[in-house]
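Enquirer: have a look; sequence and predicted model below, questions after that.
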2 protein chains.
Amino acid sequence: MDMKAPIRVYMTRKLIGVRPDDTVKRAGEIMIEFDIGSLVVVDDNNNVVGFLTRGDIIRRLVVPGLPNTTPVKEIMTKDLITMPADTPLRDVLDVMAKKGVKHILIEENGKIVGIFSITDLLEASRRKLETAIATE
Amino acid sequence: MDMKAPIRVYMTRKLIGVRPDDTVKRAGEIMIEFDIGSLVVVDDNNNVVGFLTRGDIIRRLVVPGLPNTTPVKEIMTKDLITMPADTPLRDVLDVMAKKGVKHILIEENGKIVGIFSITDLLEASRRKLETAIATE
């Protein structure tokens, strides 16, 4: 990993949205259909107002036992931060650590073009480490 | 990725278990506690009898609207295949493609020592590709 590389190198480009008033059941169906683990939540003016992961559904719907008719807005993650696509990876990680957030929206020319997740990065590092250990 | 490397290089070693009769609520709590997306399901004789992912919970509990008191055994994935830890990556992918499964248990000296997931591999490849594109 190159800490000086722009975040666009590491971000995920596959962004699929739901509305805040859509049910969690609908969000789950979309996750299954597109085989993805997270959705951006977009309002009627196409502003990103939140983010919903499989983890959010487990933590805030399944464990407390809420019905699948619960609107997405009630369990989505709202503490989203947006950073420009040319921000170095190092600076993005710095902001994530300071703010304690796991996802950052990536913006380019005034448009959200991707999302960067700390989980993805940890996964990449772990894999690199395991490979290094196994080839010693 | 080295297609001839043994699968132990790519497998995940973090295996955490639940019982078939545990509730999905309990499984969700364990996923949150350990910050993991999948659990092995182990019976009273310590045999692995299934596998449960966040995706299984979304697909087979949240979308159909089952209660979180549903036992894990009712929504777990049962079509598990075990392969030795020294199997080359290529052969593992071959078996996964032919059987249409997304996870393979990895065994060494008669013990399950890890799990290999196709999702992890796809993630690693995608990242590699995106990096290649961005550095062109």
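Expert: Now that the structure is in, tell me what you want to look at.
Enquirer: which pLDDT value does the model give the residue nearest the centre of chain A?
Expert: Taking Cα atoms, centre = their mean as the criterion, A:His103 is the residue nearest the geometric centre of chain A, at 4.6 Å. pLDDT, A:His103: 82.
Enquirer: and what of A:Asp120?
Expert: 57.
Enquirer: rewinding a little: OK, contacts around the residue nearest to the centre of chain A?
Expert: A:Ser38, A:Phe51, A:Thr53, A:Thr77, A:Leu80, A:Ile115, A:Phe116, A:Ser117, A:Ile118 (Cβ atoms under 8 Å, 6 or more residues apart in numbering or on different chains). Yep, even glycine has a C-beta here, placed from its N, CA and C like the rest.
Enquirer: quick one, phi psi at the third one?
Expert: A:Thr53 adopts backbone torsions of phi -110, psi 170, taken as degrees, to the nearest 10.
Enquirer: neighbours around it, how many?
Expert: 20 (other Cβ atoms under 10 Å in any protein chain shown).
Enquirer: could you find the closest non-adjacent residue to it?
Expert: The shortest distance from A:Thr53 to any non-neighbouring residue, by Cβ to Cβ, 6 or more residues apart in numbering or on different chains, is to A:Ser38 (4.4 Å).
Enquirer: from B:Thr23, how far out is the one you found?
Expert: 25 Å (Cβ to Cβ, to the nearest Å).
Enquirer: these two: who's more crowded?
Expert: A:Ser38 (21 against 16).
Enquirer: contacting residues around that one?
Expert: A:Met31, A:Phe51, A:Leu52, A:Thr53, A:Arg54, A:His103, A:Ile115, A:Ser117.
Enquirer: what about those residues, which are in strands?
Expert: A:Phe51, A:Leu52, A:Thr53, A:His103, A:Ile115, A:Ser117 (DSSP state E).
Enquirer: farthest pair in these?
Expert: The largest separation in those, counting by Cβ to Cβ, is between A:Leu52 and A:Ser117 at 12.9 Å.
Enquirer: of those two, who's got more company?
Expert: A:Leu52 (27 against 19).
Enquirer: now that one: how far from chain B?
Expert: Distance check for A:Leu52 against chain B: by Cβ to the nearest Cβ, to the nearest Å, it reads 11 Å.
Enquirer: A:Val63 now?
Expert: 5 Å.
Enquirer: and what of A:Asp21?
Expert: 17 Å.
Enquirer: tell me the pLDDT at A:Glu130?
Expert: For A:Glu130, pLDDT reads 51.
Enquirer: swap in A:Asn45?
Expert: So, for A:Asn45, pLDDT stands at 85.
Enquirer: and it, which of the three is it?
Expert: coil (DSSP: H, G, I helix; E, B strand; the rest coil).
Enquirer: nearest spatial neighbour of A:Glu108, skipping sequence neighbours?
Expert: A:Ala85 (4.1 Å).
Enquirer: neighbours of that neighbour, just the number please.
Expert: Burial of A:Ala85 is recorded as 18 neighbouring residues (other Cβ under 10 Å).
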